[in-house]
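**Q** The sequence isn't on hand, but the structure is:
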């Protein structure tokens, strides 16, 4: 195995975070996986890059050397990639529709409808996708010029992914609902209090950022500590609910299926904002107004699929579509 740019990014992330745990969270990796990668990097470099003690980690002399070089190389190569992408598209007329567009997403309900609207409005446009549960990874892809736009979600009022130079707009804000089996005693309730589910096992689809901590804090305010929070894919979440093994935190526009319902949580203790981001100097930046408009329409389409959420919004107008607001 040879030293790669991703290895240098890992070393920088660990140094910036000051601990393996924080770096793993920032990179969207499990801590054991990051530890194993760091060990492989140190074997490639011929010695330890970090010293570890109770206070955290700090670079060794070798680590200082690697970090110095990495902090020069990574921005230079990122800039080169962006310049190359812009150069390859420089023959296009300013404001003209590009020949292709790549859209990233960590927000399932919006992507499908956005693709539909893009290909309907721009029938000659070649649209490709890049999906990741990590909004930070998708933001890095936009910054590097690998994708043109990305739709991501952030917990509550959390800021957009920490990637400098990107423009972010809000599509809307949703409450977090809870997915229950149709025969659950609370399935027909207009809303469910977190405390009503204090003894339940919990599930959710994976996500980075502060969502797990915000969930734990909301449960603490409700007077209990959740037994567990399984993070797994959508199909497994539905299986857990159908079997009665867990209740699942979900987005309110979840398209209900037989045997499963999505119920509001009383008091809206958890929120989720949908954002779209792009690089203002990217080759497809000239379409930003149109793409934001189409992404907003896609989000509205996702809401319209759920009669229960649509009815809930009638009494809670602060949520739902919030087109074009700058994300801070």
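**A** In hand now; what should we look at? Note that this is a predicted model, so its numbers are computed, not measured.
**Q** Tell me where this structure is predicted with low confidence.
**A** Where the chain drops to pLDDT under 70, the residues are 1, 79-96, 107, 208, 324, 328.
**Q** What are the boundaries of the strands in it?
**A** Along the chain, counting by DSSP state E, strands occupy 50-53, 56-59, 100-105, 126-131, 149-155, 167-175, 177-181, 202-204, 229-231, 247-250, 260-264, 271-278, 320-326.
**Q** Among these, which comes closest to residue 23?
**A** strand 56-59 (8.9 Å; Cβ to Cβ). For every residue, glycine as well, the C-beta is placed using N, CA and C.
**Q** mind listing what's buried in the closest one?
**A** Within strand 56-59, the residues that count as buried by 16 or more other Cβ atoms under 10 Å are 57, 59.
**Q** partner residues bridging residue 100?
**A** With DSSP bridges as the criterion, residue 100 is bridged to residue 126.
**Q** before we move on, the earlier item: looking at the strands of the chain, which is buried most?
**A** Of all the strands of the chain, strand 149-155 has the most neighbours on average by mean count of other Cβ atoms under 10 Å, namely a mean of 26.
**Q** contact partners of it?
**A** With Cβ atoms under 8 Å, 6 or more residues apart in numbering as the test, strand 149-155 has contacts from 101-107, 110-111, 114, 130, 135, 138-139, 141-142, 160-161, 171, 207, 209-211, 214, 270-278, 284, 291, 295.
**Q** For beta bridges, what are the partners of the closest residue to residue 214 other than its chain neighbours?
**A** The shortest distance from residue 214 to any non-neighbouring residue, by Cβ to Cβ, 6 or more residues apart in numbering, is to residue 155 (5.3 Å). Taking DSSP bridges as the rule, residue 155 bridges to residue 272.
**Q** my read: residue 234 touches residue 109, true?
**A** No: at 10.8 Å, residue 234 does not count as touching residue 109 under the criterion of Cβ atoms under 8 Å.
**Q** Looking at those two, which has the bigger crowd around it?
**A** residue 109 (23 against 12; other Cβ atoms under 10 Å).
**Q** ok, the more buried one - contacts?
**A** 251, 253, 254, 299, 302.
**Q** If we use 6 Å, what do you get?
**A** 251, 253, 302 (Cβ atoms under 6 Å, 6 or more residues apart in numbering).
**Q** Report how many residues lie close to the last one.
**A** By that I understand residue 302. 27.
**Q** That one and residue 253 touch, don't they?
**A** Yes: look at residue 302 against residue 253 with Cβ atoms under 6 Å: they come within range, at 4.5 Å.
**Q** What separation is there between residue 180 and residue 308?
**A** To residue 308, residue 180 is 12 Å away according to Cβ to Cβ, to the nearest Å.
**Q** Kindly report the same for residue 314.
**A** 11 Å.
**Q** same thing with residue 215?
**A** Noted for residue 215: a distance of 21 Å to residue 308, by Cβ to Cβ.
**Q** If you count surrounding residues, which of the two has more?
**A** Each of residue 215 and residue 308 has its neighbours counted (other Cβ under 10 Å); residue 215 has more, 20 against 17.
**Q** can you list the domain ranges for this structure.
**A** 5-88, 100-174+272-326, 177-269 (automatic domain parsing).
**Q** Buried deepest among those, which one?
**A** The most buried stretch of the domains of the chain, if neighbours are counted by mean count of other Cβ under 10 Å, is domain 100-174+272-326, with a mean of 19.
**Q** Now the terminal residues of that domain, how far apart.
**A** 26 Å (Cα to Cα, to the nearest Å).
**Q** And for stretch 276-286?
**A** The first and last residues of stretch 276-286 sit 15 Å apart, counting by Cα to Cα.
**Q** what do you get for stretch 304-320?
**A** End residues of stretch 304-320 are separated by 11 Å (Cα to Cα).
**Q** List the contacts of it.
**A** Taking Cβ under 6 Å, 6+ apart as the rule, stretch 304-320 contacts 172, 173, 175, 252, 253, 255, 264, 303.
**Q** Could you do stretch 41-55 as well?
**A** 3, 7, 11, 57, 58, 59, 60, 62, 63, 66.
**Q** how about a cut-off of 10 Å?
**A** Residues outside stretch 41-55 that contact it (Cβ atoms under 10 Å, 6 or more residues apart in numbering): 1-4, 6-8, 10-11, 14-15, 18-20, 38-39, 56-67.
**Q** Could you tell me how far that stretch lies from the centre of the chain?
**A** From the chain centre to the centre of stretch 41-55 is a distance of 30 Å (Cα atoms, centre = their mean, to the nearest Å).
**Q** Kindly report the same for stretch 294-309.
**A** Between the centre of stretch 294-309 and the centre of its host chain there is 19 Å, according to Cα atoms, centre = their mean.
**Q** before we move on, what about stretch 33-46?
**A** 26 Å.
**Q** Residue 269 versus the spatially most central residue of the chain, what's the distance?
**A** By Cα atoms, centre = their mean, the mean C-alpha position of the chain lies nearest to residue 135, the distance being 3.2 Å. Separation of residue 135 from residue 269 (Cβ to Cβ): 21 Å.
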